Structure formats: C-alpha cells, structure tokens
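A.B. asks: structure for this input, please:
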Amino acid sequence: MEQLQKLCCCLRVYFPCLFEPNGNGSTPLVSFSDVKGPRVRISNFFVTGHGTALVNVPVIQNRAYWEFKIIETGSFCVGVCEPSKASLDGQLSDRKRTWAISSKAAKRDLKKGDTIGLAYDLSDIRPVLKMYLNGKVAKILKCNGDMHGDVYPCVSVAGGCMLEANFEGSLHEFQYGPPQGYCGIMYTRDIL
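C.D. replies: Residues are numbered from 1 along each chain as shown. Next comes the predicted model:
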C-alpha cells in the first residue's frame, strides 16, 4: 500500500492532469514570450521593470479571458496588440495597432492584491475588450477596426509595478472569472 501511495504521489507531480479533470494544476502552455522590452523582467508569470511584453500565442478563440494580479503598484497597460518588436521599451499606450486599457483609465485607486480581468470577445461584428476590477466590469472598449490578423495578449509596466499573470487558469484558478461563455486563452501551435 505504501508503494502505491508513493507511485500516486509521483504521478500527481509529473502528470497532474490525470488527477484533476478540469486541467487545473497542469503545466501552463500559455506564458510570456521572448518578445519583450530590454528593461522588462519576467520570472515565471510575474512581470516588472519598464516596457512591454507579449504572450506566446495569439487569441484565436471567440471569447478569451485572462487576469493580472497587482503585486506592486505602479503604472501598467493591459490588452492586445499585433505582433511587432517595435516600441517594446515603451508603454502599450505609445504603440500603434494596440488596444489596451491603462491603470490610469481605470479611474480608481488600484492597490496590491487587486485583480484585473480582461475579456476579449471576437463573436460580434466588432471585437470588444472588457476590463474587470475584482470581478466587476470597470471599462468596455469596442475595437475601432485598425487591427488586422492575429492579436496577442500583452502588458506594459513602469514605475515599480509588478503583476502576476494568469492566462489559462491552469496554474491556479482564476480569481474572479471567467465570465459566462469565456475561457482561458487556448494554446495554439502552427503545424505547417
């Protein structure tokens, strides 16, 4: 019996998806990519420094949801953008072909522990990006149509800000979401 318990313990560590039917606890496939500003520091799912970072996959599903938890306050922008290595040393608000919401646009005092959720909806004629603050809708933007093709989740930080990202809900449960009809960002791979 003891050997069976040890075996199950090892299997749980190396194959958590076998023990959790919803996939939570599995190794996340969606993470930050190498496309980031030179002064941006990424450690696992934490981002800090100064500049912009992109995620490793585009949003291809109709409705995607992801979250950022504020670990240290400062300035940040979160949203989606077309893949480009231009202007990575600046903020998302400085980039072209970016659709983002800044911490200043929240028009609320944000503090450590607050969770920013993003719900990106491609199911309408014009895409919609909703920002949630601690589970409540804080801002809704409709795309102005200047972006075409793949868009990637992205974030920019400055002023000592540190955020923890949760893209799939597989590393740990989403704090407040996803809203009904949404799910975490799906990992995609180009097989051609």
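A.B. asks: return the set of residues that bridge with Arg41.
C.D. replies: Beta-bridge partners of Arg41, counted by DSSP bridges, are Thr48.
A.B. asks: got the contact list for it?
C.D. replies: Neighbouring residues of Arg41 by CB atoms under 8 Å, 6 or more residues apart in numbering: 47-49. Yep, even glycine has a C-beta here, placed from its N, CA and C like the rest.
A.B. asks: ok, then the element right after the lowest-mean-pLDDT helix or strand in the chain?
C.D. replies: Lowest mean confidence among the helices and strands of the chain (mean pLDDT, DSSP states H and E): helix 2-14, at a mean of 45. Along the chain past helix 2-14, the next helix or strand (assigned with DSSP states H and E) turns out to be strand 32-36.
A.B. asks: who are the packing partners of that next one?
C.D. replies: strand 51-55 (3 or more CB pairs under 8 Å, 6 or more residues apart in numbering; DSSP states H and E).
A.B. asks: and the next helix or strand after the strand it packs on, which residues are buried?
C.D. replies: Next helix or strand after strand 51-55 toward the C-terminus (DSSP H and E): strand 63-72. Buried residues in strand 63-72, counted by 16 or more other CB atoms under 10 Å: 63-70.
A.B. asks: for Tyr132, pull up the helix or strand it's in.
C.D. replies: strand 128-133.
A.B. asks: sheet-wise, list the partners of that strand with their directions.
C.D. replies: Its sheet considered, strand 128-133 pairs with strand 115-121 (antiparallel), strand 136-142 (antiparallel) by DSSP bridges.
A.B. asks: avg pLDDT for that strand?
C.D. replies: Computed over strand 128-133, the mean pLDDT rounds to 89.
A.B. asks: what does it contact?
C.D. replies: So strand 128-133 is contacted by 78-80, 99, 101, 106, 108, 110, 114-121, 137-143, 176-177, 179 (CB under 8 Å, 6+ apart).
A.B. asks: go with 10 Å
C.D. replies: Outside strand 128-133, the residues that touch it by CB atoms under 10 Å, 6 or more residues apart in numbering are 63, 65, 67, 78-80, 99-102, 105-106, 108, 110, 114-122, 137-143, 151, 175-179, 182.
A.B. asks: format the strands paired with strand 128-133 as CSV; extra columns: distance to Arg95 and mean neighbour count.
C.D. replies: As requested, these are exported to CSV (distance: least, CB to CB, whole Å; neighbours: other CB atoms under 10 Å):
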stretch, distance to Arg95, mean neighbour count
strand 115-121, 17, 23
strand 136-142, 15, 13
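A.B. asks: Serialize the buried residues of strand 63-72 to CSV and add fields for pLDDT and distance to Ser156.
C.D. replies: Shown next, in CSV, are the buried residues of strand 63-72 (pLDDT from 0 to 100; distance: CB to CB, whole Å):
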residue, pLDDT, distance to Ser156
Arg63, 94, 24
Ala64, 94, 19
Tyr65, 96, 20
Trp66, 95, 15
Glu67, 96, 16
Phe68, 96, 11
Lys69, 96, 16
Ile70, 96, 14
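A.B. asks: so which of those residues comes closest to Ser93?
C.D. replies: Nearest to Ser93 among the buried residues of strand 63-72: Phe68, at 16.0 Å, using CB to CB.
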